[in-house]
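K.L.:
Structure of the sequence below:
(chains A and B)
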Amino acid sequence: MKYQTVIGLEVHLQLNTKTKAFCGCSTDFGKAPNSNVCPVCLGFPGSLPVYNRQALNSAIKLALAFNCQIQEHTKFDRKNYFYPDLPKNYQISQFDLPLSRNGYLDIYTQNLPKRIGITRVHLEEDAGKLIHETGCSLVDFNRTGIPLLEIVSEPDLNSPSEAFDYLNSLKSIIEYLDVSDCDMEKGSLRCDANISLRLLGAKELGVKTELKNMNSFKGVKDALTFEVERQTQLLETNQELVQETRLWDVEKAVTVVMRTKEGAKDYRYFPDPDLTVFIIEESMIAQIKAQLPELPQEKMRRFVKEYGLTEYDAKILVSSKNDAQFAENCIQNYPGEDKKEIVNWLIGPLLSEANLRKVKLHALNLNTNELISLIGFVQRQEISYLCAKNVLSQLIDTGKTTQDLIQEGNLQQISNADALSEVIETVIHENAKSVSDFKAGKTNALMYLVGQVMKKSSGKANPKVVGDLVRRRLS
Amino acid sequence: MSIDKETIRHVAHLARIELQPNELEKLFGELHEILGFIDKLSILNVEQIKPTSHILPISNVLREDELHVSLNSDKALENAPSKKGNFFSVPKIIE
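P.N.:
Take a look at the predicted model:
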């Protein structure tokens, strides 16, 4: 690699307050067009905005979780531009005195820790929604004025997959804080990216592209990957790169240049005279800090320390708050000394079942006691692991007990040599090739033969006993 | 600090104000005076004075996160120059 990729991300996050930033209109998603509007969010003359206390609390909470310095003195500014989704012709935002600066987020990327700087987290408001029809555009102002946070990262990300890992860490923390739905499909979390390339070791940044219109984390990763290739090609063929904004086209999987008006953006920021300044006292910060929940990284470290999990396993379990809670409940109820036993079930078969059903671990509707009972049956070698995985699936589907399912399915493991001999003979008879392979010293052939016995016994045979029996029979 | 007519045209455009030639002349004179007035600050020592973003000596004005009754959409759309169903309708614009 001749070039270093430099990426900075800008995330816009809708806070999950009941009401909008500056008025008491509901923030409910999916309501009839222009039904959650009032003179304040429609920008009628003479209306007066007043900021939402809950939004300020959530913002400070998030800024603290991202290790930012909360500014003692902060204010709102007007960002002026004309667009039909912006009824006041300015967005209330923050310019020179943002709520917070200089934070960081510790992420894991390619299994290594990396610290990503957070330039600032500031307060602003959302715009309305435009629906483009032939001949006209329709405007719905329900979204106008929903409290937003803008979270700007330093250009510390050096690959599309790092950007992806950063977004997942960010989302995980926000979910723990419970300050936003983080739903990209509903638009409650949106992400723009700045990306440039430079020769390895170069100090100066290259010409950057701003990427927009990605509507999933994967979309962000794909758009960045495309852009790395496009920029590399231009640089390699000595073509000039222009600073521009490009839109991700998910269908065609390409970025296309966005038409922009000439001249740099001139937003003419100035302090909003309708809103007074905010003095954030130390006591307020301390009070909010005390309310911060245990965050994913801390929880991960605690799982490692308290339950003897590996970092790898713990990381999987803590990425979602509810899953972590479910997992901890399982681990605590599990009577065995070695918690690894139940953790293997959680991140193995359970996670597969969850992925299969496209739900989170905690939403599997699985009774912890039944899971623990199931693991017991396997440990006592009363049913095979293979059968147990089937029982797990049925536990989730039927809500019956482990005991009943094993009895109904007649799944008790067969470990008795006499009971197994017939099926072993058949398998040996039918697989002459594998038998001779095994005799020629290929140990894999034994695994294959055991597999065939398992299959013929509908998974009920004890694989360890079968292995011993086959080996003895063929030696 | 002075201002040229091109800057005035630019600012007028940013504010979506259409200026007639005589209005441009008039504004040129007035803005000169205003900027000259503000220039007085440069002869004063303001080092000890904190930048003021608001003239009222109050801070932290907040409201509780409580619902109020929104306008019904008929009322909200009453003065719209153009509407379609419950939507405001505007000339098609895609940036």
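
K.L.:
didn't A:C25 look like it was pressed against A:T19?
P.N.:
Yes: assessed by CB atoms under 8 Å, A:C25 is found in contact with A:T19 at 6.3 Å. Heads up, the C-betas are built off the backbone N, CA and C, glycines and all.

K.L.:
who touches both of those two?
P.N.:
Contact criterion CB atoms under 8 Å, 6 or more residues apart in numbering or on different chains; residues bridging A:C25 and A:T19 by contacting each: B:67-68.

K.L.:
Kindly report the residues of chain B close to chain A.
P.N.:
By the criterion of CB under 8 Å from any CB of the partner chain, the positions of chain B lying close to chain A are B:14-16, B:53-54, B:56, B:58-68, B:70-73, B:76-77, B:82, B:84-95.

K.L.:
if you look at those, which of them are in strands?
P.N.:
Of these, the ones assigned to strands by DSSP state E are B:62-63, B:84, B:87-91.

K.L.:
is chain B contacted by stretch A:128-141?
P.N.:
Yes: judged by CB under 8 Å from any CB, stretch A:128-141 and chain B are in contact via A:130-141.

K.L.:
Run through the helices of chain B in chain order.
P.N.:
Here chain B has its helices, by DSSP state H, at B:5-14, B:21-39, B:73-77.

K.L.:
what's the angle from the longest one to helix B:5-14?
P.N.:
Between the axes of helix B:21-39 and helix B:5-14, defined by axes from the mean of the first three to the mean of the last three CA atoms, to 10 degrees, the angle is 100 degrees.

K.L.:
If we go by neighbour counts, what in helix B:21-39 is buried?
P.N.:
When neighbours are counted by 16 or more other CB atoms under 10 Å in any protein chain shown, the buried residues of helix B:21-39 are found to be B:L27.

K.L.:
Show me how far it is from its chain's centre.
P.N.:
In terms of CA atoms, centre = their mean, to the nearest Å, the gap separating the centre of helix B:21-39 from the centre of its chain is 18 Å.

K.L.:
doesn't A:T255 make contact with A:R246?
P.N.:
Yes: under the criterion of CB under 8 Å, A:R246 lies in contact with A:T255, with a separation of 4.0 Å.

K.L.:
neighbour-wise, which of these two wins?
P.N.:
Between A:R246 and A:T255, counting by other CB atoms under 10 Å in any protein chain shown, A:T255 is the more crowded of the two (24 against 21).

K.L.:
For chain B, what's its nearest residue on the stretch 151-300 of chain A.
P.N.:
A:P271 (3.9 Å; CB to the nearest CB).

K.L.:
Run through the residues that contact that residue.
P.N.:
Taking CB under 8 Å, 6+ apart as the contact definition, A:P271 lies against A:75-78, B:53-54.

K.L.:
Equivalent analysis for A:L197, please.
P.N.:
By CB under 8 Å, 6+ apart, A:L197 lies in contact with A:3-6, A:206, A:228, A:231-232, A:235.

K.L.:
cutoff 7 Å now
P.N.:
Residues in contact with A:L197, defined by CB atoms under 7 Å, 6 or more residues apart in numbering or on different chains, are A:3-5, A:206, A:228, A:231-232, A:235.

K.L.:
for the contacts of A:P271, which one is nearest A:D468?
P.N.:
For A:D468, the closest of the contacts of A:P271 turns out to be A:F76, at 75.4 Å, with distances computed as CB to CB.

K.L.:
list the contacts for whichever residue of chain B sits closest to chain A?
P.N.:
When CB to the nearest CB is the measure, chain B has its nearest residue to chain A at B:H68, with 3.1 Å between them. By CB under 7 Å, 6+ apart, the contact set of B:H68 is A:G24.

K.L.:
Likewise for A:L62?
P.N.:
When contacts are taken as CB under 7 Å, 6+ apart, A:L62 is in contact with A:121, A:149, A:174, A:177, A:179.

K.L.:
Any buried residues in stretch A:66-78, and which?
P.N.:
Of the residues in stretch A:66-78, those buried by neighbour count under the rule 16+ other CB under 10 Å are A:66, A:68, A:70-71, A:74-78.

K.L.:
end to end, how far does it reach?
P.N.:
26 Å (CA to CA, to the nearest Å).

K.L.:
So what's the gap between it and the chain middle?
P.N.:
Taking the mean of its C-alpha atoms, stretch A:66-78 sits 27 Å from the chain's own mean (CA atoms, centre = their mean).
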